[in-house]
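S.K.: could you work out the structure for the sequence below:
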Amino acid sequence: MTDEQANKPPVKVEGKDYDERVYRKGNPPHRIRNALILIVLVVIGTYLAWTKSIPFQSHFELHAVFKNAANIRKDSPVRIAGVNVGKVESVKSVCDNGLTGNCASDYADVTFSVDDNGQPIHSDAQVEIRPRIFLEGNFFLDVHPGSPSAHSLSSGDTVPVTQTSTAVQLDQILTSLQAPDRANLQKLLEGYGTSLTHKPTAADDATQDPEVQGLTAAEAIAKSFDYGQTAARDTAIVNEALQGTSPNDLSNLIAAQAKVFGALTGHEAHLQGLISNFNTVTGALADESDNLQRTIKLLGPTLQIAEPALRHTNATLPFLRTFALDLTPGIRELPATIAASQPWIDQTAALLGKNELGYIAGQLRAAGPGAGKSTDEGRQLFSQIGLLSGCADNVLIPTSNVVLNDSGTGYNFTSGVPNFKEFGYTVTGLAGESQPFDGNGPSLRFFSAGGAVPPGGPVPNLREPTGGSPPLEALWGGSATPPIGTRPVTSSEPPFRTDVTCQSNPIPDLNGPAANQGPPDPAPFP
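M.R.: Numbering: from 1, shown residues only. Predicted structure coming up:
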């Protein structure tokens, strides 16, 4: 803010001064209105905190007439099966409500409310005043809603005195006891005290648990309190679990039980048979009392051993619940999936039938013994095949891939291809030379130049195959010059060892030391 803005005079609005720093646009602030709103909110909050109820809200209220309602007070709780479902609104004598003109009686009209969780209340409902603690005090209304077959009560209806009762008080019990009864009660209490302090004998301890043997009844009861903390904690957990996960779970359970009991009331004969059968089962269990006693003794150690496993199981239940929820969409689709897969299942069943894969399986089963025997007997053949393959792979094939070197001084007849290909060329040439054919069959003809030098070797004495005397005439050609040698020059035979396998022999050197030594060049023609 500048000094000029700070020194500006107040703005006049409706004859009132407003600082321009506060008032710039619109109407001036309604301070009185804001204060009134704040006061109203405080009053409403105080009312709600004090009354703990929302005003102008209709309640479901019933009346119950009691012979004596001196122990019940306003705001006392109303319970159904131990669950609070309302409270006592008022307690008035019967004559105050105009129900009767005899105000000298102790009859009282108790008005109480029931919330939605406790409804409906039926016309045969029972209402009882009961104490909340053992030695009196803090009473409440215990409501039994009645049977579902009876019609439901409306708000403002009355439960008659014939359907109400009051708990018997301790002073009423004591006043009903006369002198002999009181003496007997004293003896009872003395005997109870003696039984608590009695020291057990060896015979008494014979049937007792080892942890309480030698202890009096009072000491055993005191020892049982060592387990009370755990038992109370587990009981609290069970009671909390019985309330369910939603606010209306317990009330829904009670309503469902009421429906079940209502349905059972119409089947007395079946219930009678159930009780008779239960009596039979109980008698059978009684006959096994010794075994049951040993089982109960072993149950404690068993539970102690099983406690870690149960704890881990309890820890996995949330994950199993999540997994089950995730499986829900898949389970919904499962019927459609089964229906869609039925044709495939039918085709698969036909494929696995006797006329398809079943027949092939039968043939394979019949061929199995022979195949196994062949495999066993073929192991020696496979070893020989392995040796032959090693010989071919390590010796024969590398030898056939050698290129024969046929070069000499001034000439070179090397083909440049592996020798196995040259062998093929030779066979092809010989096949071509034997192609001429006449009436005597195929013939092989050679053409050579004439000369006085025979080609080499003696002239055979050819005669008829039948041993005829006149010799066959053969025409032999001659060469002008004697043969100068063989090309390429043959070397000595490569070594071959018979004491080792073929594949262990070295690859023979087909070229040898004379590979590059050809016969001398022929003399030039004169």
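S.K.: can you tell me the SS state at Lys92?
M.R.: Counting by DSSP: H, G, I helix; E, B strand; the rest coil, the backbone at Lys92 sits in strand.
S.K.: what is it paired to in the beta sheet?
M.R.: As for beta bridges, Lys92 partners with Asp109 under DSSP bridges.
S.K.: please name the residues that touch it.
M.R.: For Lys92, the contact set (CB atoms under 8 Å, 6 or more residues apart in numbering) comprises 108-109, 111. Where you see a C-beta, it was placed from the backbone N, CA and C, and this is true even at glycine.
S.K.: out of these, who's nearest Ser400?
M.R.: Thr111 (120.5 Å; CB to CB).
S.K.: before we move on, back to that, and the least confident of the contacts of Lys92?
M.R.: Ranked by pLDDT, the contacts of Lys92 bottom out at Ala108, which scores 87.
S.K.: tell me who's in contact with it.
M.R.: 65-66, 68-70, 91-94.
S.K.: could you find the closest non-adjacent residue to it?
M.R.: Spatial nearest neighbour of Ala108, excluding adjacent residues (CB to CB, 6 or more residues apart in numbering): Ala69 at 3.6 Å.
S.K.: go ahead and confirm the one you found touches Ile129.
M.R.: Yes: if you go by CB atoms under 8 Å, Ala69 and Ile129 touch, sitting 6.6 Å apart.
S.K.: shared neighbours of these two, anything?
M.R.: Thr166.
S.K.: how far is stretch 131-149 from where the chain is centred?
M.R.: Here stretch 131-149 shows a centroid-to-chain-centroid distance of 47 Å under the convention CA atoms, centre = their mean, to the nearest Å.
S.K.: quick check: mean pLDDT across that stretch?
M.R.: 79.
S.K.: for that stretch, which positions count as buried?
M.R.: Neighbour-count burial for stretch 131-149, counted by 16 or more other CB atoms under 10 Å, picks out 139-146, 148.
S.K.: if we ignore the residues flanking it in sequence, what's nearest Gln243?
M.R.: Gln243 sits nearest to Leu250 (CB to CB, 6+ apart), 5.2 Å away.
S.K.: and Ile507, by the same measure?
M.R.: Pro398 (5.0 Å).
S.K.: quick one: secondary structure of the one you found?
M.R.: helix.
S.K.: quick one: it from Arg233, how far?
M.R.: 88 Å (CB to CB, to the nearest Å).
S.K.: show me where pLDDT drops low in the stretch 301-450 of the chain?
M.R.: 408-411, 434, 444-450 (pLDDT under 70).
S.K.: now the strands for it?
M.R.: 407-408, 411-412, 437-438, 441-442 (DSSP state E, counting those that start in this stretch).
S.K.: save those strands as a markdown table, and put in mean neighbour count too.
M.R.: What follows is the strands of the stretch 301-450 of the chain, written out as a markdown table (neighbours: other CB atoms under 10 Å):
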| stretch | mean neighbour count |
| --- | --- |
| strand 407-408 | 16 |
| strand 411-412 | 10 |
| strand 437-438 | 8 |
| strand 441-442 | 8 |
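S.K.: tabulate these (TSV), appending distance to Leu317.
M.R.: Formatted as TSV, these follow (distance: least, CB to CB, whole Å):
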stretch	distance to Leu317
strand 407-408	92
strand 411-412	93
strand 437-438	99
strand 441-442	98
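S.K.: with respect to Gly362, which of the ones you listed lies nearest?
M.R.: Nearest to Gly362, of these and by CB to CB, is strand 441-442 at 57.3 Å.
S.K.: partner strands of the closest one, with direction?
M.R.: Assessed with DSSP bridges, strand 441-442 is paired to strand 437-438 (antiparallel).
S.K.: got the contact list for the partner strand?
M.R.: Residues contacting strand 437-438 (CB under 8 Å, 6+ apart): Ser443.
S.K.: stretch 384-397 now?
M.R.: 501-503, 505, 507.
S.K.: what do you get if the cut-off is 10 Å, keeping everything else the same?
M.R.: 378, 398, 400, 418, 420, 496, 501-508 (CB atoms under 10 Å, 6 or more residues apart in numbering).
S.K.: widest-spaced pair of those residues?
M.R.: Gly378 and Pro418 (33.9 Å).
S.K.: which of those two has more residues huddled nearby?
M.R.: Higher neighbour count among Gly378 and Pro418: Pro418, with 15 against 11, using other CB atoms under 10 Å.
S.K.: show me what contacts the closest residue to that one other than its chain neighbours?
M.R.: In space, and not counting its chain neighbours, Pro418 is closest to Asn401: 4.6 Å by CB to CB, 6+ apart. Neighbouring residues of Asn401 by CB under 10 Å, 6+ apart: 417-421, 507.
S.K.: how much space between Cys138 and Ser76?
M.R.: Heads up, residue 138 is Asn, not Cys. 8 Å.
S.K.: joint contacts of these two?
M.R.: Arg132.
S.K.: give me the number of residues near Asn117?
M.R.: 17.
S.K.: wasn't it part of a strand?
M.R.: No: using three-state DSSP, the assignment for Asn117 is helix, not a strand.
S.K.: check whether the nearest residue to it once chain neighbours are set aside sits in a helix, strand or coil.
M.R.: Ranked by CB to CB, 6+ apart and with sequence neighbours excluded, the top spatial neighbour of Asn117 is Ser251, at 4.2 Å. Under three-state DSSP, the three-state class of Ser251 is helix.
S.K.: any regions of the stretch 101-250 of the chain where pLDDT drops low?
M.R.: 101-105, 133-137, 168-177.
S.K.: show me where it has its strands.
M.R.: Counting by DSSP E, counting those that start in this stretch, the strands of the stretch 101-250 of the chain are 108-113, 126-131, 139-144, 158-159, 164-166.
S.K.: the second one - contacts with which helices or strands?
M.R.: It stands for strand 126-131. Judged by 3 or more CB pairs under 10 Å, 6 or more residues apart in numbering; DSSP states H and E, the packing partners of strand 126-131 are strand 61-66, strand 108-113, strand 139-144, strand 164-166.
S.K.: got the contact list for Ala232?
M.R.: If you count contacts by CB under 10 Å, 6+ apart, then Ala232 has nothing around it.
S.K.: and the closest residue in space to Lys74 that isn't next to it in sequence, how far from Val65?
M.R.: Excluding the flanking residues, the one nearest Lys74 by CB to CB, 6+ apart is Val88, at 5.6 Å. Per CB to CB, Val88 is found 14 Å from Val65.
S.K.: same deal with Glu288?
M.R.: Following CB to CB, the distance that separates Glu288 from Val65 is 52 Å.
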